[in-house]
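Trainee: task: produce atomic coordinates for the following.
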Amino acid sequence: MTKFREVVPLDAAPRLSISSGPHVVEIAPAAGGRITRFATQGARGLQDWLVPVTAANWPCDAWPKGGSYPLVPFSNRVRDARFAAPDGSIVEIATFPGMAHALHGFGQFAAWSVELQEADCVVLRYVHGEGEHGWPWAFEAVQLIEANADGARLSMRIANRSSSPMPVGLGFHPYFGAHEAELHATTHWRHEAEIAIEPTVESPAHRHVRETEGYTRYLSGWDGRATLRYADGRTLELDAGDTLNHVVVHCPAGAGYLCVEPVSHVSDGFNLAAQGLPGTGIAVIEPGNEIRASLVMAAGATPARSDGGGA
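Mentor: Numbering: from 1, shown residues only. Model prediction:
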């Protein structure tokens, strides 16, 4: 029987602002610990890299398609909101009414506490209790969001605070205003209704252009780098740490954005891994252990290589 969770409003009005040189990052901790704006001051004023979020609040199951939010403790979909835990027991994740599959973890639907704020960085924390929303494990997630000379750097770590091994994944879900992205991966996964099924022998596209028809592409074996190009000639370079060697390129039909989502595992990875498929990217962390990831977004420059380190 499907478990439903309550739809509560998220308050995005309290926002924090950090900056370094011309680069500005705004964050709404109480609205999913998400970045609501990442922009650079130029000759023509403040120019956005992410689609800015202007709404002051929203129901947690109907978030605005903008900014960037954390994916924790899994990314994308879990088919029918069910999967087998490492011990063989069946986990049934609570979903919102009308939502058949569990989607994008729990972090973006929650309020994060502010642990530290300085002029150029913010540390946010999310604590998940054992059994909350049907997830059997207690865990703690910490984000470090930084503005720096190149642009911005996002780091996240997830620690298992329960007494049994926890399957886990993580990532970032940015909505870019770019019109195309270039990146290199080795594997393209077949999917049905955005639920991944299996890897294919198809060579992944390197160039991903915003299209009116729309598409979603699940790719693995990604080298962690991407170049985003904007209609006005600007470029943004992405560099993800080694943990995030999967990427989702998502362009809904008619949308005014292009998502390039660095993630650690493929859609429905828990179930695919339980079926014995290799290369899903799902990790299992022991009690007290953690997993870390990072993403550099550099404005028109080649970023220094990320080390996968975290907050």
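
Trainee: drop to CA atoms for contacts and neighbour counts, all remaining ones
Mentor: Fine.

Trainee: I'd say Tyr171 and Ser267 touch.
Mentor: Just so we're on the same page, residue 171 is Gly rather than Tyr. No. Under the criterion of Cα atoms under 8 Å, Gly171 is not in contact with Ser267, lying 11.8 Å apart.

Trainee: common neighbours of these two, please.
Mentor: Ser75 (Cα atoms under 8 Å, 6 or more residues apart in numbering).

Trainee: who's in contact with stretch 209-218?
Mentor: 179-181, 188-191, 194, 196, 246-255, 257-258, 266-267.

Trainee: for stretch 74-93, same thing?
Mentor: 2-3, 94-95, 100-105, 133-136, 165-171, 194-195, 263-271, 274.

Trainee: how far off centre is it?
Mentor: 19 Å (Cα atoms, centre = their mean, to the nearest Å).

Trainee: what's the end-to-end length of that stretch?
Mentor: Its start and end residues considered, stretch 74-93 measures 12 Å (Cα to Cα, to the nearest Å).

Trainee: stretch 199-208 too?
Mentor: 19 Å.

Trainee: got the buried residues for it?
Mentor: 199, 204, 208 (16 or more other Cα atoms under 10 Å).

Trainee: in strands, which of those residues fall?
Mentor: Residues of those located in strands (DSSP state E): 199, 208.

Trainee: using CSV, lay out the buried residues of stretch 199-208 together with distance to Arg153 and pLDDT.
Mentor: Converted to CSV, the buried residues of stretch 199-208 look like this (distance: Cα to Cα, whole Å; pLDDT from 0 to 100):
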residue, distance to Arg153, pLDDT
Pro199, 31, 97
Pro204, 27, 97
His208, 23, 98
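
Trainee: what about the contacts of stretch 74-93, which are in helices?
Mentor: 269-271, 274 (DSSP state H).

Trainee: out of these, who's the most crowded?
Mentor: In terms of neighbours by other Cα atoms under 10 Å, these top out with Gly269 at 31 neighbours.

Trainee: distance check, that one against Leu71.
Mentor: Distance of Gly269 to Leu71, computed by Cα to Cα: 14 Å.

Trainee: again with Arg79
Mentor: As for Arg79, its distance to Leu71 is 17 Å (criterion: Cα to Cα).

Trainee: give me the more crowded residue out of these two.
Mentor: Leu71 (25 against 20).

Trainee: check contacts around that one.
Mentor: With Cα under 8 Å, 6+ apart, Leu71 has these contacts: 104-108, 169-173.

Trainee: before we move on, what about Ile158?
Mentor: Counted by Cα under 8 Å, 6+ apart, Ile158 has contacts 72-73, 139-142, 290-292.

Trainee: which residue packs closest to it, ignoring adjacent ones?
Mentor: Leaving aside its sequence neighbours, Ile158 sits nearest to Ala141 (Cα to Cα, 6 or more residues apart in numbering; 4.4 Å).

Trainee: centre of the chain versus the one helix or strand the one you found maps to, how much separation?
Mentor: Using DSSP states H and E, Ala141 sits in strand 139-147. The chain centre lies 12 Å from the centre of strand 139-147; the measure is Cα atoms, centre = their mean.

Trainee: which residues touch it?
Mentor: 18-20, 23-25, 72, 120-130, 152-162, 310-311.

Trainee: buried sites along stretch 219-235?
Mentor: For stretch 219-235, the neighbour count (16+ other Cα under 10 Å) marks 219-229, 235 as buried.

Trainee: stretch 263-276 now?
Mentor: In stretch 263-276, counting by 16+ other Cα under 10 Å, buried: 263-274.

Trainee: before we move on, what about stretch 69-87?
Mentor: Quick answer for stretch 69-87 (16+ other Cα under 10 Å): 69-79, 81-85.

Trainee: and that stretch, how far out from the chain middle?
Mentor: The answer for stretch 69-87 is 13 Å, by Cα atoms, centre = their mean.

Trainee: just stretch 11-23 next, same as before
Mentor: Worked out by Cα atoms, centre = their mean, stretch 11-23 lies 19 Å from the chain centre.

Trainee: can you give me the end-to-end span of that stretch?
Mentor: End-to-end distance (Cα to Cα), stretch 11-23: 25 Å.

Trainee: what does the average pLDDT come to for that stretch?
Mentor: Across stretch 11-23, pLDDT averages out at 97.

Trainee: just stretch 81-88 next, same as before
Mentor: For stretch 81-88, mean pLDDT rounds to 96.

Trainee: stretch 214-230 too?
Mentor: Here the average pLDDT along stretch 214-230 is 98.

Trainee: between the two ends of it, how far is it?
Mentor: So stretch 214-230: terminal residues 18 Å apart, Cα to Cα.

Trainee: I am finished for the moment; much appreciated.
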